[in-house]
Structures are given as C-alpha cells and as structure tokens.
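[1] no sequence on this one, just coordinates:
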Ligand code: ADP
C-alpha cells in the first residue's frame, strides 16, 4: 500500500482533481451533444432583447466557471447606454465564453484578455475578444471555424480542446444573423468579434 495517499491534504487534493476532471468531461459531453443538435438542425434558439452588459457578464461567468482560473485577468470595456440585442442569451454567452477560453488557451504568457462592446458607425453592436497570443496565419483563418479543425502545431497539441469551439461559435452566429470578424497576424495576437444588429 502506498502510504503517501493517506494524509488528509493529499486526499483533498485528489478529490479536487477528480471533481475538476469530471466537470471537464461533463462539459465536453455537453458540448458534443450541443453540436449534435446544431448539426441536426434541432438546436432551438430563443431570441429575446437582452442587454449587452448582461450578456458580457454572463459570458465572463461561464468562462470563469469553465477554467477554474481565478487569477486570469480579463479586462472589460462595455460602452454605456448600448441598445439591446436580440439574442438567445445562454447560447450567445456560451459562444462568447468559447472565444474567451481560446484567448486564454492560446494567449500569451501571461495571457492578457480584453472583452469589449461598442456601437459601430453603421449602428451595429460589436462584441470583441482580444488576446496577446501567437496570432493566426491568414491561411488558417477560415479553417479554424471548421469542426474538429485545430492548427497543427505544438501549441494546440499541448492545449486541451476538441476543435469544436469555433464551429459552435459560427453556428450560433449564423442563427443570430451575426457576422464574425477575425483580425490576427502571426505574433500580434488575435481579435475575434461578433457583430449583431441592435434592437430597433
Ligand atoms: P479547440 O480550442 O478546442 O482546439 P476551436 O474550434 O475553439 O477548438 O479552435 C480551433 C483552433 O483554432 C485551435 O485549436 C487553435 O489552433 C486555433 N485558435 C482558436 N482561437 C485562437 C486564438 N485566440 N489564438 C490563436 N489560435 C486560436
């Protein structure tokens, strides 16, 4: 018998790791099921007028729960008085949380993540997630939205992932008639944006 597992602190640590692992697996299964529903066209979106501030806060709390990273600093910049947007709040918050979690996974060391929301000159609402990571080559920029696609370099292999995150973001955006923008260059970080129409 290995006695090293007998002290209380070690046991507590093991339980914590097991809990985190089982939550990670549940989240992965949930994501696979969600994707299955989307592909089948069975995912229902309940579009309601929602506040952008609320949406961004939801996304941040989904991200914080998913990463268990209490010391990741995400700076937030939401313009005052933005009009509401028509969204399925849970689905859009999840999509934004996917962008935040990528910013964290593929961000720099330490990761600097910023989420911001503002109204463009054409009145549309832009919600952006910006990181200080490696950046993405132009040739990869559309492929990363394909299901299961991961950029095949050492970096993405060492990061957990299914290659489904951005495929889900694309699906959710399409269901909202939203545009996705990506601005990135190798070594310059990445900015992913979701562009929504304001509720008139
Ligand atoms: P996953 O993160 O599960 O691999 P995604 O669909 O979310 O899947 O992303 C696909 C791939 O796109 C990732 O494997 C990674 O190579 C690349 N990628 C996504 N977001 C970023 C980012 N912010 N910076 C650099 N590369 C990214």
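    Nice, I can see it. Quick caveat: nothing in here was measured; it's all calculated off a predicted structure. Residues are numbered from 1 along each chain as shown.
[2] Show me which residues of the chain are close to the ligand?
    Within reach of the ligand by C-beta under 6 Å from any ligand atom, the chain has these residues: 98, 102-103, 105-106, 131, 133-134, 136, 144, 149-151, 156, 161-167, 190. No exception for glycine: its C-beta is placed from N, CA and C like everyone else's.
[3] In contact with residue 57: list those residues for me.
    If a contact means C-beta atoms under 8 Å, 6 or more residues apart in numbering, then residue 57 has no contacts.
[4] State the helix or strand in which it lies.
    Following DSSP states H and E, one finds residue 57 within helix 52-67.
[5] Can you list the buried residues in that helix?
    Neighbour counts over helix 52-67 (16 or more other C-beta atoms under 10 Å) mark 52-53, 55-56, 58-60, 62-63, 66 as buried.
[6] what do you get for stretch 19-36?
    31, 34-35.
[7] which of those residues lies closest to the ligand?
    The shortest approach to the ligand among those belongs to residue 31, at 8.9 Å (C-beta to the nearest ligand atom).
[8] List the buried residues of stretch 132-145.
    For stretch 132-145, burial by neighbour count (16+ other C-beta under 10 Å) applies to 132-136, 140, 144-145.
[9] quick check, nearest of those to the ligand?
    Distances from the ligand to the buried residues of stretch 132-145, taken as C-beta to the nearest ligand atom, are shortest for residue 144 (3.6 Å).
[10] these two touch, right, that closest one and residue 165?
    No: applying C-beta atoms under 8 Å, one finds residue 144 not in contact with residue 165, separated by 9.2 Å.
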